[in-house]
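Novice: Take this sequence and fold it.
(chains A and B)
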Amino acid sequence: METGPAKWWRRDSVRRACGGAGLVALAGLSGWNVVDTVGRVPVPPLVASVGEPDAVVAMERRLGRLRFTLERRGLRGPIGYVGDRPGTGVLDGPQTVADFFQAQFVLVPVVLDLSVERREWAVANLRAASPLTRVPAGFAVVEDFGGGVFLLRKAAP
Amino acid sequence: MTATLLAGLGVAWTLGVLLVAAVWPRSRMLAADGAVILPLGLGVGLGATSVLFFVASLVVRQPVAIAALGEAVAIAGLTWWLWRRRAVEDTSGTRRDASSTTGWVAWVVGSILAQAGVVAAVVARRAWAAEPWGAWDGWAIWNMRARFIARAGTAWTDALRFTELGWSHLDYPLLVPASVARAWAWGGGESAAAAGLVSVSFGAATVALLVAVVARLRGVLVAGIGGLVLLGTPFFVTFSANEHADIPLGFFVLATMALVALSGREPASRGWTVLAGVTAGLAAWTKNEGVMFAVIVLAGGAVAAGRRGEWRTVRALAAGAAAALVPVGYFKLALAPGNDLVSGTLAARLAQLVSPERHAEIAAALWRDGGGFGEWRVLPFVAMALALATPGARRLVGRERAVAWLLALTLAGYYAVYLITPWDLASHLASSLPRLLVQLWPGAVLWWCLLAGTAVDGAKGGARPPGGLGAGGAHAADQAGPEVRPHPQTSGDILAAPSGWKLSRGFAAAVCAANAAVALAGGWWFARQLAPGEEAAARVAGGAVSVVAGEGWFGRERHGRNTWRWSPGRGELKLHVEARRGMARAGLGFALRSITARTVAVTLDGREVWRGEAGPKQTPVVIPDVALRPGISTLVFASEAPPVREAADPGARALGFAVYDLRVE
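Specialist: This is a model prediction of the structure:
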């Protein structure tokens, strides 16, 4: 025969009260979580020029003219990519790796290849390094878009 | 956001609703089941149109026209089919166990849910504005694939062969990218809003589907609270706008579970089972985890139904899945490279299955992220468990038990993949486990809802318990189909209206008034929130103005509702102005204060617009009707008088004047 807490727990009224309390508490804390979420997401500025733009949006602006030039020249498929670090070293730094992937997103359908020497065309996306040091041997600047963005082409041998 | 973009979404939704309605059990009234069909149709429609667009993109450079033609033909055919079916059916005997109710519970729960939905929509909008192309995977995988489809014509499949793009997981299925590319084609440009709209649509459809299905199976109280739990999961809400494929996959997982649970209501009809197969197949078309989920659904369904000799059910499930798996199969076998998780020497990795260290690491991550993936301020789990104490709760009937099985088996599948992953386990867990858990969260909430309430109508294969939440009383009797009508005296719905209690017009009016008041207060609260760095902002005649602090100010201070900045003697404010045409016109309001009396001049781009005295008491100032050119204007506050130290301490600030409570009018 059950006694004590077990018997008490078996009473429907107790369990109904617990269940009801659970639902009310759940509704309340869920509502609190909904309201709390508001404080976690930054309010967008009323005027777009206020504040720093999203990094991908900034890269869209940075490489916008280059993209249209590539399109105008009918370039597709793999072309070389030159960043602030040599070769695959681009993938070693958080800023350079973000630059590389974001540039790839912006420049679709071109496919960026860090092995520049294999390609006739290349783009340079330099924030700190001088083009004098980073343009690979055998390549020449075809067009300078400003801000460290260049279109490069392998010079005729 | 253009009208054509919205039209494209509308066409997808219409097609989906018609597809769902076409296979909906004939014994049901479509109108009465609309709350379930509409959100289901949105997901199915986006899935179906993504398949059409994908197929068209393989054969023509501008696939939107041929895809739209296919959509139009499908809509016309389905409309004819449904019209013809309706004409020949005798609808007098169709079931109408509608979840709609006029009880006060529905009004109150519906109101709270609607308000939470509006808040969640605002949050999702802001999350999208912070990252218009989504977070890393959003742009680096899903939107980038959409761009290849949109920009490269029929040659977009070439990109799948370039090893240089291996980092972007070229084998991932294409429901989301094809949907985004289709939205761009309809909208006439690659707008981030289109990608965000596709993403948010799945989040909204997930909440709506959960609420509708639970309302059908367990009543509106549990349904509303289930919806609140989902909306009260911050990660779900913010991630809905993040343009990943996890929320869409979560939708199809939920839809499959819901349809399997519903199918127990009409075992003789195969419509819901066929649809469950379709949604499982669309899960596979969404993400690789969905492939595993589809396999689990098909295998589990075959085993469970096969044991009972229900081979027609197995065939219905397989037929639905096959329809959706055709594009997945073609993409995986003919176009995509191998998956990095299963490529290479699998035999060596199978040894990892028995590695105790890996088991411990995965278990620890599950414990950590299981409680934290939702990014809750207050964890809901204890309250969810407490709610199951109700008499009559914790009983699943008929095929509802499959929901738990599907959750458990899918989670077990994820666990097994982590065991054999070739990647570094710690980083793999850290980068993916919260997303995997959010995929299953809507399904888990469905499971909890089914446990927390009791069935509201005739589920086959299970006994009806006498009590439970959200189902009993006159309210449940309203909802019950012809097979089960719980007696009000024996029901245990603690919040149900008493038998015979009629909802008065006064109560309805009071609920509407309360909703309006909350909406107004919420709108006012949202409108006065400022972006980081903004001092004031407002929409004004002819445009919008946002004010940020320039040089010459100390940090912003606040007391109660008052905010202010001190300046040593010359401070600049930058007015960022957007004008629809020509100049924007705005008024500027603020209060000035200084420790000792002094004259302060205010100039706008070198032109004096105000000059006056400031003293120890705040001097209210209004500069009405200032013409502002588009771009950035500079508002300079200057005083010739020397600053005064705020205290005797040598390190104390030298203060000229303070500008209080700046506002743009």
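Novice: residues contacting the residue nearest to residue A:83 when sequence neighbours are not counted?
Specialist: Using CB to CB, 6 or more residues apart in numbering or on different chains and skipping residues adjacent in sequence, the residue nearest residue A:83 is residue A:90, 4.0 Å away. For the C-beta atoms, the positions are set from N, CA and C on the backbone; glycine is no exception. Taking CB atoms under 8 Å, 6 or more residues apart in numbering or on different chains as the contact definition, residue A:90 lies against A:81, A:83-84, A:96-97, A:99-100, A:114.
Novice: Out of those, flag the one nearest to residue B:396.
Specialist: Of all the contacts of residue A:90, residue A:97 has the smallest distance to residue B:396: 48.1 Å, by CB to CB.
Novice: Hmm, that closest one is touching residue A:89, no?
Specialist: No - judged on CB atoms under 8 Å, residue A:97 makes no contact with residue A:89 at a distance of 10.0 Å.
Novice: burial count for the nearest residue to residue A:113 once chain neighbours are set aside?
Specialist: Leaving out its chain neighbours, the residue that sits closest to residue A:113 by CB to CB, 6+ apart is residue A:78, at 4.4 Å. As a burial measure, residue A:78 scores 20 neighbours (other CB atoms under 10 Å in any protein chain shown).
Novice: residues contacting residue 62?
Specialist: I'll assume chain A. Applying CB under 8 Å, 6+ apart, we find residue A:62 in contact with A:125, A:147, A:149.
Novice: ah, no, chain B please
Specialist: Residue B:62 makes contact with B:153, B:185 under the criterion CB under 8 Å, 6+ apart.
Novice: where does it fall, phi/psi-wise?
Specialist: With angles defined as degrees, to the nearest 10, residue B:62 sits at phi -110, psi 90.
Novice: Against residue B:70, how distant is it?
Specialist: With distances taken as CB to CB, to the nearest Å, residue B:62 is found 14 Å from residue B:70.
Novice: swap in residue B:382?
Specialist: Residue B:382 sits 51 Å away from residue B:70 when distances are taken as CB to CB.
Novice: cool, and residue B:290?
Specialist: 23 Å.
Novice: now do residue B:345
Specialist: Per CB to CB, residue B:345 is found 43 Å from residue B:70.
Novice: of these two, who's got more company?
Specialist: For residue B:345 versus residue B:70, neighbours defined as other CB under 10 Å are more numerous around residue B:70 (19 against 8).
Novice: mind giving me the domain split of chain A?
Specialist: By the assignment in automatic domain parsing, chain A contains the domains A:4-38, A:55-154.
Novice: right, so of the ones you listed, which gets closest to residue B:161?
Specialist: With respect to residue B:161, and counting by CB to CB, the nearest of the domains of chain A is domain A:55-154 at 9.9 Å.
Novice: tell me the mean pLDDT over the closest one?
Specialist: Domain A:55-154 carries an average pLDDT of 91.
Novice: ok, now stretch B:52-69?
Specialist: For stretch B:52-69, the mean pLDDT works out to 95.
Novice: how long is that stretch end to end?
Specialist: Terminal residues of stretch B:52-69 lie 10 Å apart, using CA to CA, to the nearest Å.
Novice: which residue sits closest to the residue nearest to the spatial centre of chain B, ignoring its sequence neighbours?
Specialist: Relative to the mean C-alpha position of chain B, the nearest C-alpha, by CA atoms, centre = their mean, is the one of residue B:203, at 2.4 Å. Residue nearest to residue B:203 in three dimensions, not counting chain neighbours: residue B:240, with 2.7 Å by CB to CB, 6+ apart.
Novice: what's the answer for residue B:291, then?
Specialist: Once chain neighbours are set aside, the closest to residue B:291 by CB to CB, 6+ apart is residue B:284, at 4.4 Å.
Novice: buried stuff in the longest helix anywhere in chain A?
Specialist: Criterion DSSP state H: the longest helix present in chain A is helix A:12-38. For helix A:12-38, the neighbour count (16 or more other CB atoms under 10 Å in any protein chain shown) marks A:15-16, A:18-20, A:22-27, A:29-31, A:33-38 as buried.
Novice: After that helix, which helix or strand is next? Please name it.
Specialist: Counting by DSSP states H and E, the element after helix A:12-38 in chain order, helix or strand, is helix A:55-72.
Novice: That next one: how far from the chain's middle?
Specialist: For helix A:55-72, the distance between its averaged C-alpha position and the chain's averaged C-alpha position is 15 Å (CA atoms, centre = their mean, to the nearest Å).
Novice: That one: what's the following helix or strand?
Specialist: The element immediately downstream of helix A:55-72 (helix or strand, assigned by DSSP H and E) is strand A:77-82.
Novice: now the angle from the next helix or strand after that next one to strand A:77-82?
Specialist: Tracing the chain past strand A:77-82, the next element assigned as helix or strand by DSSP H and E is helix A:94-107. Going by axes from the mean of the first three to the mean of the last three CA atoms, to 10 degrees, helix A:94-107 is angled at 150 degrees with respect to strand A:77-82.
Novice: which helices and strands does helix A:94-107 pack with?
Specialist: helix A:55-72, strand A:77-82, strand A:110-113, strand A:121-125, helix B:144-151 (3 or more CB pairs under 8 Å, 6 or more residues apart in numbering or on different chains; DSSP states H and E).
Novice: Please save the CA atoms from stretch B:120-130 in CSV.
Specialist: As requested, the backbone C-alpha atoms of stretch B:120-130 are provided in CSV (Å, rounded to 0.1, in the frame of the first residue of the first chain):
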residue,chain,number,x,y,z
ALA,B,120,9.9,37.5,-33.4
ALA,B,121,9.3,39.0,-36.8
VAL,B,122,10.9,42.2,-35.7
VAL,B,123,13.9,40.4,-34.3
ALA,B,124,14.2,38.3,-37.5
ARG,B,125,14.1,41.5,-39.6
ARG,B,126,16.8,43.0,-37.5
ALA,B,127,18.9,39.9,-37.6
TRP,B,128,18.7,39.9,-41.4
ALA,B,129,19.6,43.6,-41.5
ALA,B,130,22.7,42.9,-39.5
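Novice: picking that back up, dig out what the residue nearest to residue A:113 forms beta bridges with.
Specialist: Judged by DSSP bridges, the bridge partners of residue A:78 are residue A:111.
Novice: Now do the contacts for it.
Specialist: Residues counted as contacts of residue A:78 (CB under 8 Å, 6+ apart) are A:110-113, A:118-119, B:162, B:164.
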